[in-house]
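S.K.: Got a predicted structure here, sequence first:
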Amino acid sequence: MSADRMQWYPSKIDWWLVPLLCIPPASAVIACAVSAIHSSMNDLVIAAAIAILVAGLYLGVVFPMRYGLSETHLIIRNGMCTQRILLSEISEVYPTRNPLSSPALSLDRLHVQFGEGFFKAIMISPADRDRFLDELAQRTVLKRDGNRLCRA
């Protein structure tokens, strides 16, 4: 896989998700500030531990959330987790708004099927869906049909 052929696409982020994502870290910072102002060392330690836990979760599971296309793989990166799917195994890609858990920060998703069954599929939400679908179609045998890709 040559680095110059790797193309990355950030996840689209729904507007309503931004405040939800901001609540846990903001709450942890406020709890730290309140504990420091009231000189409550025990509360400060607990609040700091929660802040570190929240930061760890965000960096470990959520950010960065992006999708890469190499010559041979679709790479899904969310936090420290990386999943590689062979492009040759992808049989279909179609739009969905399925709210099940997936490495996507938007409900405007693409369902990527790469085998038989529920566990051989993933939902992603590239911000530039059209460019992502065009690039994926160029790198696979899939044909573009509107907002979906399928075998010819």
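M.R.: Thanks, I have it. No experiment lies behind these values; they were computed from the predicted model shown. Numbering: from 1, shown residues only.
S.K.: which helix of the chain spans the most residues?
M.R.: When the chain is parsed with DSSP state H, its longest helix is helix 17-37.
S.K.: That one packs against which elements?
M.R.: In terms of contacts (3 or more CB pairs under 8 Å, 6 or more residues apart in numbering; DSSP states H and E), helix 17-37 is packed against helix 41-57. To be clear about C-beta, it is placed using only N, CA and C from the backbone, and glycine gets the same treatment.
S.K.: mind checking how far the helix or strand just after the helix it packs on is from the chain centre?
M.R.: Using DSSP states H and E, the helix or strand that follows helix 41-57 in sequence is strand 65-69. Relative to the chain's own centre, strand 65-69 is displaced by 8 Å; criterion: CA atoms, centre = their mean, to the nearest Å.
S.K.: What lies in contact with strand 65-69?
M.R.: Applying CB atoms under 8 Å, 6 or more residues apart in numbering, the external contacts of strand 65-69 come out as 6-11, 74-79, 87, 103-105, 124, 126, 132, 135-136, 139.
S.K.: try it again with 7 Å
M.R.: 6-11, 74-78, 103, 105, 124, 126, 135-136, 139 (CB atoms under 7 Å, 6 or more residues apart in numbering).
S.K.: Domain map for the protein?
M.R.: Here the domain parsing of the chain from automatic domain parsing is 3-13+65-151, 17-61.
S.K.: what's the least confident stretch among the ones you listed?
M.R.: Confidence, taken as mean pLDDT, is least for domain 17-61 of the domains of the chain (a mean of 90).
S.K.: Quote the end-to-end distance of it.
M.R.: 16 Å (CA to CA, to the nearest Å).
S.K.: re the thing from before, out of the domains of the chain, indicate the one that is most buried.
M.R.: domain 3-13+65-151 (a mean of 16; mean count of other CB atoms under 10 Å).
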